[in-house]
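K.L.:
Predicted model, plus sequence, below.
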Amino acid sequence: MLRVAEQYVGTDTGRQRRANEDSMLARSPLFVVADGMGGAQAGEVASRLAIESFQDGLDDTTDAETGLAACAHAANVSIHERSQASAEHAGMGTTLTAVYVGAEEVAIAHVGDSRAYCLRDGELLRLTDDHSLVDELIRQGKLTPEEAVEHPQRSVITRALGPEPEVEIDTRSYRARDGDVYLLCSDGLTTMVPDALLTEILLAHQQLRDAGEALIAAANEAGGRDNITVVLLRVEEVAMAAAAPLGDDPATLTGIPVVESNGSEATWPPRSSEEAEGFSATELPGPSPPLHLQSTDRPTHTDDRTRWDHPAAAAPRVIPRTPRHPSPGAPPGANRRRRLRRAGVAAVVFGVLALLAAGVYVGAQSVYFIGTNSRGLVTLFSGFPYELPGGVKLYSKDFVTGVSASTLRAQRRRTLLDHSLRSEGDATELVRSLERGQLE
């Protein structure tokens with residue numbers, strides 16, 4: 001059984017763009033990157049509409065590839081209808097790369113030139129084909145990868161969500177392995193950083209946050225011609241009683257076993273992002289260790305050797321178990337009723353705690369606040385702006401803008417970044433107005 005053990009999400013405007021038209025979704029086990037295109041802020045609108053089509057996740061009863069394709073088609077309809085209804089949004093579109101981590105496979109849906117990679121055994125494997133003019137010329141043998149880097153039409157894409165009423169969605173699934181690292185990114189990374197350097201950076205950083213920040217920095221150091229979005233996730237295999245062991249399929253594609261669409265199994269129900277982050281296989285609940293009582297008559301175990309604390313003891317002495325009886329004068333069944341009362345109290349306490357936890361979870365899904373991420377970019381968070389002891393966060397990152405908080409007036413920073421709880425609509429509209437330049 002696979003799950004996401006660690007993840008990172010980051011985006012940056014780059015050095016040559018005024019606004020960030022990339023959007024992303026990271027709600028384990030679903031991860032999506034969209035790179036918008038169009039005049040004015042139309043690209044930002046297109047990428048946001050694409051992400052919104054994935055907000056509800058996948059239906060557990062459907063195949064992962066089918067579910068991803070359905071969300072992508074819904075996004076295409078939404079974007080195309082908006083572009084037809086509004087002159088300022090005419091012709092807008094967006095790329096899309098989506099990944100869903102199932103019980104044994106990773107399913108991918110893809111349109112455009114954003115990409116998905118897998119780092120396995122020190123090798124970076126590209127999992128998607130660019131729907132771009134130069135990539136098609138490379139596949140046809142009419143252009144070399146070196147020539148494509150400086151080709152005057154390298155930014156022309158041949159397929160995207162939105163421009164046409166119908167679009168073909170590429171979907172495929174791969175057999176995943178414990179320790180695989182998956183990279184989703186917009187072309188603002190891959191046009192600036194070659195695959196060899198991507199591999200070098202990923203291998204040089206053990207923590208995904210460090211690797212992600214290094215990738216964005218490398219793209220900016222190379223020129224930062226476009227918005228840069230990076231999503232990284234590491235999967236791990238966990239032992240589950242009902243889970244069959246993972247096996248290797250002999251049929252492989254670029255080193256990763258492929259699971260054909262018609263042979264894929266039902267996907268494992270998704271876990272929440274809070275459950276997926278920072279939880280290793282060794283931390284799974286297990287049987288309690290045996291209780292060792294130190295006395296003059298019982299052994300204690302130290303370093304796998306048995307020692308006897310009683311100086312006269314030469315061998316373990318068996319102490320017969322004395323059956324328990326009710327105390328004299330107690331009515332029949334008194335002990336049993338006492339145990340039932342204790343069990344009832346424990347059940348009530350557990351129920352109250354469960355209701356409190358459910359209330360916190362539901363509340364965290366319906367409220368939002370605005371703050372900044374580690375790089376000082378204005379960020380939309382869902383949940384409550386608190387962190388419990390032990391590093392338990394009551395919030396998750398929902399969307400990172402391309403606007404640095406340092407560019408805002410002091411009064412605007414105080415009112416916008418005060419962590420006030422807002423509805424999703426209010427918070428989203430504030431963020432959109434900020435990126436359009438309507439808020440100083």
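P.N.:
Perfect, thanks for sending it.

K.L.:
alpha carbons only for contacts and neighbour counts from here, please
P.N.:
Noted.

K.L.:
ok, residue 235 touching residue 3?
P.N.:
Yes. The criterion here is CA atoms under 8 Å, and residue 235 meets it with residue 3 at 5.5 Å.

K.L.:
Tell me which of these two has more neighbours.
P.N.:
In terms of neighbours (other CA atoms under 10 Å), residue 3 is the more surrounded of residue 235 and residue 3; the figures are 27 against 22.

K.L.:
To which secondary structure element is that one assigned?
P.N.:
strand 2-12 (DSSP states H and E).

K.L.:
What strands line up against that strand, and which way round?
P.N.:
strand 228-237 (antiparallel) (DSSP bridges).

K.L.:
And the average pLDDT for the strand it pairs with is what?
P.N.:
Strand 228-237 carries an average pLDDT of 96.

K.L.:
Likewise for stretch 61-76?
P.N.:
Per-residue scores along stretch 61-76 average to 94.

K.L.:
List the buried residues of it.
P.N.:
63-76 (16 or more other CA atoms under 10 Å).

K.L.:
What lies in contact with it?
P.N.:
Residues from elsewhere that reach stretch 61-76 (CA atoms under 8 Å, 6 or more residues apart in numbering): 49-54, 58-59, 96, 98, 100, 102, 107-109, 161-162, 164-167, 169, 171-173, 261, 264-267.

K.L.:
quick revisit: same question for the strand holding residue 3, mean pLDDT?
P.N.:
95.

K.L.:
and the next element down the chain from that strand?
P.N.:
In N-to-C order, the element after strand 2-12 by DSSP H and E is strand 22-27.

K.L.:
can you map out the helices along the chain?
P.N.:
Secondary structure of the chain (DSSP state H): helices located at 42-52, 64-85, 133-139, 145-149, 187-190, 195-204, 208-221, 273-276, 334-366, 410-416, 424-435.

K.L.:
Any chance of a markdown table for those, columns distance to residue 403?
P.N.:
Formatted as a markdown table, those follow (distance: least, CA to CA, whole Å):
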| stretch | distance to residue 403 |
| --- | --- |
| helix 42-52 | 13 |
| helix 64-85 | 24 |
| helix 133-139 | 31 |
| helix 145-149 | 29 |
| helix 187-190 | 17 |
| helix 195-204 | 26 |
| helix 208-221 | 16 |
| helix 273-276 | 25 |
| helix 334-366 | 24 |
| helix 410-416 | 12 |
| helix 424-435 | 7 |
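
K.L.:
Highest mean neighbour count out of those helices?
P.N.:
helix 42-52 (a mean of 26; mean count of other CA atoms under 10 Å).

K.L.:
Output that one as CSV, nothing but the C-alphas.
P.N.:
Written as CSV, here are the backbone C-alpha positions of helix 42-52 (Å, rounded to 0.1, in the frame of the first residue of the first chain):
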residue,chain,number,x,y,z
ALA,A,42,-6.7,35.6,-18.9
GLY,A,43,-4.0,33.0,-18.3
GLU,A,44,-4.5,33.3,-14.6
VAL,A,45,-8.2,32.8,-15.0
ALA,A,46,-7.8,29.7,-17.2
SER,A,47,-5.4,28.0,-14.8
ARG,A,48,-7.6,28.8,-11.8
LEU,A,49,-10.6,27.3,-13.6
ALA,A,50,-8.6,24.2,-14.3
ILE,A,51,-7.7,23.8,-10.7
GLU,A,52,-11.2,24.4,-9.5
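
K.L.:
So for residue 226, what's the nearest residue that isn't a sequence neighbour?
P.N.:
residue 188 (4.7 Å; CA to CA, 6 or more residues apart in numbering).

K.L.:
returning to what we had before: hey, least reliable of the helices of the chain by pLDDT?
P.N.:
Among those, helix 273-276 scores lowest, at a mean of 36.

K.L.:
returning to that earlier point: touching the strand holding residue 3 from outside, list them.
P.N.:
Outside strand 2-12, the residues that reach it (CA under 8 Å, 6+ apart) are 20, 22, 26, 28-29, 101-104, 178, 208-209, 212-213, 216, 227-238, 276-280, 400-402.

K.L.:
Which of these are buried, as a ChimeraX select command?
P.N.:
Buried residues within these, by 16+ other CA under 10 Å, are selected in ChimeraX with:
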select :20,22,26,28,29,101,102,103,104,178,208,209,212,213,216,227,228,229,230,231,232,233,234,235,236,237,238,276,277,400,401,402
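
K.L.:
picking that back up, any idea of the angle the strand holding residue 3 forms with strand 22-27?
P.N.:
150 degrees (axes from the mean of the first three to the mean of the last three CA atoms, to 10 degrees).

K.L.:
so residue 201 sits right up against residue 214, yeah?
P.N.:
Yes. Residue 201 is within contact range of residue 214, at 6.9 Å (criterion: CA under 8 Å).

K.L.:
returning to that earlier point: I'd like the buried residues of stretch 61-76 as TSV, with distance to residue 413 appended.
P.N.:
Shown next, in TSV, are the buried residues of stretch 61-76 (distance: CA to CA, whole Å):
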residue	distance to residue 413
63	45
64	42
65	42
66	43
67	40
68	38
69	40
70	40
71	36
72	36
73	38
74	36
75	33
76	36
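
K.L.:
Domains in the protein, by residue range?
P.N.:
Structural domains of the chain, as assigned by automatic domain parsing, span the residue ranges 2-283, 367-440.

K.L.:
Compare those domains and give me the one nearest residue 339.
P.N.:
Proximity to residue 339 (CA to CA) singles out domain 2-283 among the domains of the chain, at 30.6 Å.

K.L.:
what about the helices of the chain, which gets the closest to residue 379?
P.N.:
Between these, helix 424-435 lies closest to residue 379; by CA to CA that is 8.2 Å.

K.L.:
could you give the angle of that closest one to helix 42-52?
P.N.:
Using the same axes, to 10 degrees: helix 424-435 against helix 42-52 is 150 degrees.

K.L.:
Now do helix 424-435: distance to the chain's middle.
P.N.:
From the chain centre to the centre of helix 424-435 is a distance of 23 Å (CA atoms, centre = their mean, to the nearest Å).

K.L.:
Equivalent analysis for stretch 130-143, please.
P.N.:
31 Å.

K.L.:
again with stretch 113-133
P.N.:
Distance, centroid of stretch 113-133 to centroid of chain: 18 Å (CA atoms, centre = their mean).

K.L.:
and if you look at stretch 142-162?
P.N.:
With CA atoms, centre = their mean, you get 29 Å for stretch 142-162.

K.L.:
do stretch 43-59 as well
P.N.:
Using CA atoms, centre = their mean, the offset of stretch 43-59 from its chain centre is 15 Å.

K.L.:
What is the end-to-end distance of it?
P.N.:
Terminal residues of stretch 43-59 are spaced 28 Å apart (CA to CA, to the nearest Å).
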